[in-house]
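*Asks:* Fold the stuff below for me.
(chains A and B)
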2 protein chains.
Amino acid sequence: MAHFPEAFERLTEQFAKLPGVGMKSAQRMAFYILNQTPEEAEAFARAILDAKRSVRRCAVCQNLTESEVCPLCSEGGGRDRSVICVVSEPRDVTALERSHEYNGLYHVLHGAISPLRRVGPDDIAIRELLARLNDGAVREVILATNPDTEGEATAMYISRLIKPLGLRVTRIAYGVPVGGSLEFADDATLLRALEGRREL
Amino acid sequence: MAHFPEAFERLTEQFAKLPGVGMKSAQRMAFYILNQTPEEAEAFARAILDAKRSVRRCAVCQNLTESEVCPLCSEGGGRDRSVICVVSEPRDVTALERSHEYNGLYHVLHGAISPLRRVGPDDIAIRELLARLNDGAVREVILATNPDTEGEATAMYISRLIKPLGLRVTRIAYGVPVGGSLEFADDATLLRALEGRREL
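*Replies:* Coordinates of the predicted model:
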């Protein structure tokens, strides 16, 4: 790699940090940037800065949003405010919304409890979830964390915290393939998973 | 994708433009940026702008550089200034340098003639190559474009232009696998390709 300019190498290194990108691909990406017009390259840089600056967590459900409260939480009517579906990642909200089956609210944890990766209950948005259960409007919490070890552990942990509050706590059914990722489930599977949810 | 903030979608679209990146990977990359510290995201954006601003073509060999003339062309002694090795891309220079076999100068065409992709002789740095042959210092031009149809056509085109000037024009031997790409050749193959070069 000795004969590329330093600024080129630095860009390659940045691309190589991205998930699933090796040095060879990173280099191709850097060449792609050099072949863009200055305007295109600036648009790319601006998109990074804009996303980083303006995207934050909804004050209520912690999903990604550009406003104080996300459109789903602030939506006037239509959504059932007595049910909260708890997921690990923002993309899981998208997956569930795509199934057009669920009409309640969401809560995004931004992770799952994982002793191996040193993610504890305080590292994900569990505290924010508990705060939402105090107003008496919520009657059911659906735990829709991933059907893998970490998601299961997270669901168990949360259910033990919430059940004493007298709320209905359910777990989505194992319609979603065990060991898989919620994100890749098809709509029919998500539908069955929601329908078959069981008391914890 | 309806429930991600717009700034997030815009960033995803930028990543999806990169070679070999689909929508799913682009989304993962955008999430990666959101999980970076503001300083890290800024470093990424800056690397794009820096590379675009400061990396240009060497006034002599057209290889990528941050100075007016690249280190290889301006190198005081050591390089044999009577031979120019013509390649398609900057990464090909890196590949040949890695073999530690070649000690002459380079010329980077930035592409290859391709009627299908509408790349003609004027779209690559052939004119700049011809300008370098006027000073009488160059005695041999090695055509090391890729051993594929486009690289072969480019080599033929250039050889027809240069041979009337009375220079030795050679083509690297088919030690490099036919139909392949110079970039992925191993050092031994590149060595044999250079050694076995033949008169055109």
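*Asks:* Pull up the pairing partners for the strand ranked longest in chain A, direction included.
*Replies:* Assignment by DSSP state E gives strand A:80-87 as the longest strand of chain A. Using DSSP bridges, the strands paired with strand A:80-87 are strand A:104-108 (parallel), strand A:140-143 (parallel).
*Asks:* Give me the mean pLDDT for stretch A:23-37.
*Replies:* The average pLDDT for stretch A:23-37 rounds to 92.
*Asks:* hmm, that stretch touching chain B?
*Replies:* Yes: Stretch A:23-37 comes into contact with chain B (Cβ under 8 Å from any Cβ of the partner chain), by way of A:Ser25, A:Gln27, A:Arg28, A:Met29, A:Ala30, A:Phe31, A:Tyr32, A:Ile33, A:Leu34, A:Gln36. Heads up, the C-betas are built off the backbone N, CA and C, glycines and all.
*Asks:* circling back to that earlier point, want to throw the strands paired with strand A:80-87 into TSV with mean pLDDT?
*Replies:* Output for the strands paired with strand A:80-87, formatted as TSV (pLDDT from 0 to 100):
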stretch	mean pLDDT
strand A:104-108	95
strand A:140-143	92
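*Asks:* Make CSV out of those strands and add mean neighbour count and distance to B:Leu11.
*Replies:* Below are the strands paired with strand A:80-87 laid out as CSV (neighbours: other Cβ atoms under 10 Å in any protein chain shown; distance: least, Cβ to Cβ, whole Å):
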stretch, mean neighbour count, distance to B:Leu11
strand A:104-108, 24, 18
strand A:140-143, 22, 30
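*Asks:* mind giving me the domain ranges of chain A?
*Replies:* Here the domain parsing of chain A from automatic domain parsing is A:1-39, A:79-173.
*Asks:* What residues of the helix or strand A:Arg127 falls within count as buried?
*Replies:* A:Arg127 is part of helix A:126-132 when elements are defined by DSSP states H and E. Within helix A:126-132, the residues scored as buried using 16 or more other Cβ atoms under 10 Å in any protein chain shown are A:Ile126, A:Glu128, A:Leu129, A:Arg132.
*Asks:* same thing with stretch A:39-55?
*Replies:* Under 16+ other Cβ under 10 Å, the buried positions of stretch A:39-55 are A:41-52, A:55.
*Asks:* Which ones among these lie within strands?
*Replies:* Per DSSP E, the buried residues of stretch A:39-55 never map to strands.
*Asks:* hmm, back to that, now the residues of stretch A:23-37 next to chain B as JSON lines including neighbour count?
*Replies:* Below are the residues of stretch A:23-37 next to chain B laid out as JSON lines (neighbours: other Cβ atoms under 10 Å in any protein chain shown):
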{"residue": "A:Ser25", "neighbour count": "18"}
{"residue": "A:Gln27", "neighbour count": "22"}
{"residue": "A:Arg28", "neighbour count": "18"}
{"residue": "A:Met29", "neighbour count": "22"}
{"residue": "A:Ala30", "neighbour count": "27"}
{"residue": "A:Phe31", "neighbour count": "20"}
{"residue": "A:Tyr32", "neighbour count": "18"}
{"residue": "A:Ile33", "neighbour count": "24"}
{"residue": "A:Leu34", "neighbour count": "19"}
{"residue": "A:Gln36", "neighbour count": "16"}
